[in-house]
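In: From the sequence below, what's the structure:
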Amino acid sequence: MRIRRSIHFIVLLLALSLISAYGQREESKPAASAMIAARKPVFAGACKACPWGILAKVTSDALSFYGYQTTICWVCWSSFGPREMGDKTKPVIPPGALDNPEYVEPPPDAVPDISATSESNLIDAWNGTGPYLTDGKQRRNYRVIAVIRTSTYMLAAASRKSGITNLRQIKDRQEPTWVVGNNQIIFDHYGIKVEDLKAKGGGIMPANATREKRASGDVFIGTGLLANTPEQRSWYEASQLNDLVFLEFEEPLIARLAQVPGYQRATVPLALFRGVTRPIPTVIRPNHFIYVRDEAPDSFAYDVAKALDEHRDLFQVQLEPWYYDPQTVALSRVIPMHPGAMKYYRERGYVK
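Out: Numbers count the residues shown, from 1 in each chain. Presented below is the predicted three-dimensional model:
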């Protein structure tokens, strides 16, 4: 009898300890957004024609079929969105945002609940590297809902009149060399230093330069696609207003770029831009994330995943080509997927 009472007492203690631990976990879990609870989430997007702004609009339209009214921040671009999401701060107007009033609106006075950015950008924010290095911290509260793909190639070109046929020529070039764009890995590989460019009367083309000035650059480096958006228009303009010679990257550099999280090998297709007269080996940044914080309710993440899947047609009518692929929509190698989204993908058979 005493043994039986002792067993009952031990079981009772275990049950009480489990209840206490569960209660502590519930207390420590961040409170879910009141905007999500009201089915009025705030999306940290980008300008209305920019990639992450487009993903914001697609998500908003898809969620509207399920009773959500989404407010979009049209100025939460670049490193602003991941910071505002991770730190739970209200959006601010970035410098120069009002220079293109047709693309933006004043940001909402609310902390964003959901956002979109490239895989490489969010990994930098997750690890506290790249543009987030000076923040002195990692942001590990992101959870991915969907991986959406597009075709953004790494490109390099030079104006024909510059006589540059290889990026290695820039380092020893005595004439002033103006470079539109920047990529530190490429600069390091070819020994290009901004200080040396300035010393010879050149440098990095200012972002606020006029269209004609941007197009008159000597060298163009960076990711691009055929779109007249603020972040992509330099390729659109230069390929029309300048006579460009598109350059090839050296194989060791391509291998190095392909190791950067979020990038993979690809080939620039013939005639992507005026001046692309042949297929060119390079890398591509295909993956972009629609993501939330870890506090987002499973039901909300499930609804977003379901809405995007059932309204894939919305991706097909945008400024740039977007691809919803069931084989890759839940494939995030660094940042965890949200369990609510994974529940939907398992039900659909997209993941096992």
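In: Secondary structure element holding Ala146?
Out: Using DSSP states H and E, the element containing Ala146 is strand 142-150.
In: Now that strand: buried residues?
Out: Tyr142, Arg143, Val144, Ile145, Ala146, Val147, Ile148, Arg149, Thr150 (16 or more other Cβ atoms under 10 Å). The way it works is simple: take the backbone N, C-alpha and C, and place the C-beta from them, glycine included.
In: Not counting sequence-adjacent ones, nearest residue to the fourth one?
Out: It refers to Ile145. Distance criterion Cβ to Cβ, 6 or more residues apart in numbering; nearest residue to Ile145, sequence neighbours excluded, is Ala341 at 4.5 Å.
In: Next up, the contacts around that neighbour.
Out: For Ala341, the contacting residues are Val144, Ile145, Ala146, Ala301, Tyr302, Val304, Ala305, Ala330, by Cβ atoms under 8 Å, 6 or more residues apart in numbering.
In: Minimum pLDDT in the buried residues of strand 142-150, which residue is that?
Out: Lowest in pLDDT among the buried residues of strand 142-150 is Thr150, which has 93.
In: That one contacts Ile54, doesn't it?
Out: No. Distance between Thr150 and Ile54: 9.2 Å, which falls outside the contact criterion (Cβ atoms under 8 Å).
In: what are the bridge partners for the residue most central in space within the chain, then?
Out: Residue closest to the average C-alpha location in the chain (Cα atoms, centre = their mean): Ser118, at 1.8 Å. With DSSP bridges as the criterion, Ser118 is bridged to His288.
In: Which parts of the stretch 1-150 of the chain are helices?
Out: For the stretch 1-150 of the chain, applying DSSP state H, counting those that start in this stretch gives helices covering 2-28, 34-37, 51-64, 80-87, 119-127.
In: among those helices, where is the model least confident on average?
Out: The weakest mean pLDDT among the helices of the stretch 1-150 of the chain belongs to helix 2-28, with a mean of 45.
In: okay, the angle between the strand holding Ala146 and helix 80-87?
Out: Between the axes of strand 142-150 and helix 80-87, defined by axes from the mean of the first three to the mean of the last three Cα atoms, to 10 degrees, the angle is 160 degrees.
In: Report the next helix or strand after strand 142-150 in sequence order.
Out: strand 153-159.
In: Just the CA trace of that following strand, in PDB.
Out: Extracted in PDB, the C-alpha atoms of strand 153-159 (Å, rounded to 0.1, in the frame of the first residue of the first chain):
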ATOM      1  CA  TYR A 153      21.700  37.300 -62.700                       C
ATOM      2  CA  MET A 154      25.000  38.600 -61.600                       C
ATOM      3  CA  LEU A 155      26.300  40.800 -64.500                       C
ATOM      4  CA  ALA A 156      29.400  42.700 -65.600                       C
ATOM      5  CA  ALA A 157      29.700  45.000 -68.600                       C
ATOM      6  CA  ALA A 158      31.800  47.800 -69.900                       C
ATOM      7  CA  SER A 159      31.100  50.700 -72.300                       C
END
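In: Cool, thanks, signing off.
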